[in-house]
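S.K.: quick one: sequence and predicted model below, then my questions.
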Amino acid sequence: MNELAIPPESVAEDEQPKTLAEAAYRQLRRDIIEGLHRPGDKLRVEHLKDQYEVGAGTLREALQLLVTDALVVAQGQRGFRVAPISLDDFEDITRTRVLLETSALQQSIELGDDAWEANVVASFHLLSRAEDKLGDGGKCSREEWEQRNRAFHEVLISACPSRWIRHFQNILYHQSERYRRLSLFRQPIPRDVHAEHQAIVDAALARNTAEATRILTDHIMRTLEAVKRLPDELINR
């Protein structure tokens with residue numbers, strides 16, 4: 001049986017890209033998530049190849065990878081557009097992510113060893129350090145927080161033996177990133193994300209599966225609630 005082919009989105013962000021297409025993919029993906037290319041925008045190869053300093057063929061390869069990520073839509077002979085966003089889409093993403101991630105966390109708590117516990121503590125520490133830098137408001141600080149937040153959620157479920165659950169949770173996490181960034185720095189509802197993460201860690205390390213999955217569910221669903229409070233012009237209704 002062939003091993004699961006992990007797409008580029010699962011590659012750690014601090015690893016160097018192996019090809020020009022992967023480098024262009026990462027840059028384009030980051031710019032889409034950051035909103036530099038807005039939902040529905042046409043992505044013209046003849047313009048973008050100069051912006052990203054790659055050939056047309058390489059750029060098309062990067063765009064096809066983004067189609068696989070569902071961040072870009074291919075329109076036959078008419079080229080590519082940034083995928084639209086909508087509240088219904090994010091609600092579907094969020095509820096499906098809750099199902100998978102809580103199941104994976106439950107299995108990790110049941111099967112995780114001392115090394116898993118140590119990794120959870122270490123990833124939370126790194127995330128906390130990144131949170132301390134958010135007050136600066138710089139793009140690098142936001143990017144570092146996103147990387148640490150993603151790593152934290154990945155480590156929490158890393159003891160889950162199902163590679164398919166982890167794979168699809170990773171896809172859903174990336175799909176939610178555009179929406180989460182809309183709410184994270186506008187703070188439409190009051191929340192203490194650090195305290196939410198701390199509560200998840202405490203329950204997981206105490207091996208309290210019911211409490212850990214309940215807190216994780218609330219944590220993920222609060223982002224959905226925050227997105228619902230955003231102004232209409234930021235997201236399709």
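M.R.: In hand now; what should we look at?
S.K.: can you list the domains in the chain?
M.R.: 20-82, 87-235 (automatic domain parsing).
S.K.: just put the ones you listed in JSON lines and tack on mean pLDDT and mean neighbour count.
M.R.: C-beta coordinates here come from the backbone N, C-alpha and C atoms, glycine included. Output for those, formatted as JSON lines (pLDDT from 0 to 100; neighbours: other Cβ atoms under 10 Å):
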{"stretch": "domain 20-82", "mean pLDDT": "90", "mean neighbour count": "17"}
{"stretch": "domain 87-235", "mean pLDDT": "91", "mean neighbour count": "17"}
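S.K.: can you give me the helices for this protein?
M.R.: 20-34, 45-51, 56-68, 87-111, 114-133, 139-156, 163-184, 193-205, 209-228 (DSSP state H).
S.K.: so which of the ones you listed is nearest Leu234?
M.R.: helix 163-184 (5.7 Å; Cβ to Cβ).
S.K.: skipping its backbone neighbours, what lies nearest Pro84 in space?
M.R.: Leaving out its chain neighbours, the residue that sits closest to Pro84 by Cβ to Cβ, 6 or more residues apart in numbering is Pro39, at 4.8 Å.
S.K.: residues touching the one you found, list them.
M.R.: The contact partners of Pro39, by Cβ atoms under 8 Å, 6 or more residues apart in numbering, come to 82-85, 236.
S.K.: setting aside sequence neighbours, what's the nearest residue to Val72?
M.R.: Leu66 (3.8 Å).
S.K.: any idea how far Glu110 is from the residue nearest to the spatial centre of the chain?
M.R.: Nearest to the geometric centre of the chain sits His174, at 3.1 Å (Cα atoms, centre = their mean). His174 sits 26 Å away from Glu110, going by Cβ to Cβ, to the nearest Å.
S.K.: same thing with Thr58?
M.R.: For Thr58, the distance to Glu110 - Cβ to Cβ - is 45 Å.
S.K.: try Pro161
M.R.: Pro161 is 10 Å from Glu110, where distance means Cβ to Cβ.
S.K.: same check, this time on Ser141
M.R.: 36 Å.
S.K.: from Phe168, how far out is Ala159?
M.R.: From Ala159 to Phe168 the distance is 17 Å (Cβ to Cβ).
S.K.: try Ala226
M.R.: Ala226 is 24 Å from Phe168, by Cβ to Cβ.
S.K.: swap in Met221?
M.R.: From Met221 across to Phe168, the span is 19 Å (Cβ to Cβ).
S.K.: same deal with Asp92?
M.R.: 13 Å.
S.K.: mind listing what Thr217 touches?
M.R.: 98, 102.
S.K.: in the protein, which residue sits furthest out from the middle?
M.R.: Gln77 (30.0 Å).
S.K.: residues contacting that one?
M.R.: Counted by Cβ under 8 Å, 6+ apart, Gln77 has zero contacts.
S.K.: likewise Gly112?
M.R.: Applying Cβ under 8 Å, 6+ apart, the residues near Gly112 are 120, 158-159.
S.K.: mind redoing it with 7 Å?
M.R.: Ala159 (Cβ atoms under 7 Å, 6 or more residues apart in numbering).
S.K.: next, give phi and psi for it.
M.R.: phi -60, psi 140 (degrees, to the nearest 10).
S.K.: that one and Pro188, how far apart?
M.R.: 34 Å.
S.K.: same check, this time on Ile235
M.R.: 11 Å.
S.K.: repeat that for Gln147.
M.R.: Distance from Gln147 to Pro188, by Cβ to Cβ: 23 Å.
S.K.: what's the answer for Pro161, then?
M.R.: Pro161 is 38 Å from Pro188, by Cβ to Cβ.
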